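**Student:** here is my input; please provide its structure:
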Amino acid sequence: MAKNFESEATQFLKQYKAQKPDTDTRQREGRARLWDKHIDPELQEGYRTARVPQKPYVYQTQ
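**Tutor:** A predicted model of the protein is given here:
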């Protein structure tokens, strides 16, 4: 490929970010809202100990 080649996707993203310069900030806020959560270790341990073991074939009746 030529060194100065840009795909249509790259061109679109550059144009979009030029039109909406706050895109990076909104992406970080969205990530923080969905993924960057504080996990309570005590609560997680409680969930782990309360877990019921699953049978090998879940649809089989006893």
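
**Student:** can we go C-alpha only for contacts and neighbour counts from here?
**Tutor:** Noted.

**Student:** low-confidence ranges, this protein, go.
**Tutor:** 1 (pLDDT under 70).

**Student:** from residue 47, how far out is the residue nearest the centre of it?
**Tutor:** In the chain, the residue lying closest to the centroid (CA atoms, centre = their mean) is residue 35, at 6.2 Å. Using CA to CA, to the nearest Å, residue 35 is found at 19 Å from residue 47.

**Student:** kindly report the same for residue 15.
**Tutor:** 46 Å.

**Student:** cool, residue 31 as well?
**Tutor:** The value you get for residue 31 to residue 47, if CA to CA is used, is 25 Å.

**Student:** repeat that for residue 39.
**Tutor:** Separation of residue 39 from residue 47 (CA to CA): 12 Å.

**Student:** using PDB, list the CA coordinates for stretch 24-39.
**Tutor:** Taking Å, rounded to 0.1, in the frame of the first residue of the first chain, the C-alpha atoms of stretch 24-39 are listed here in PDB:
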ATOM      1  CA  ASP A  24     -13.000  11.300  23.200                       C
ATOM      2  CA  THR A  25     -14.400  12.800  26.400                       C
ATOM      3  CA  ARG A  26     -17.800  11.200  25.800                       C
ATOM      4  CA  GLN A  27     -16.100   7.900  25.100                       C
ATOM      5  CA  ARG A  28     -14.200   8.000  28.400                       C
ATOM      6  CA  GLU A  29     -17.400   9.000  30.300                       C
ATOM      7  CA  GLY A  30     -19.200   6.000  28.700                       C
ATOM      8  CA  ARG A  31     -16.400   3.600  29.600                       C
ATOM      9  CA  ALA A  32     -16.400   4.900  33.200                       C
ATOM     10  CA  ARG A  33     -20.100   4.500  33.500                       C
ATOM     11  CA  LEU A  34     -20.100   0.900  32.200                       C
ATOM     12  CA  TRP A  35     -16.700  -0.600  33.000                       C
ATOM     13  CA  ASP A  36     -14.700   1.300  35.500                       C
ATOM     14  CA  LYS A  37     -16.500   0.200  38.700                       C
ATOM     15  CA  HIS A  38     -15.200  -0.300  42.200                       C
ATOM     16  CA  ILE A  39     -15.600  -4.000  43.200                       C
END
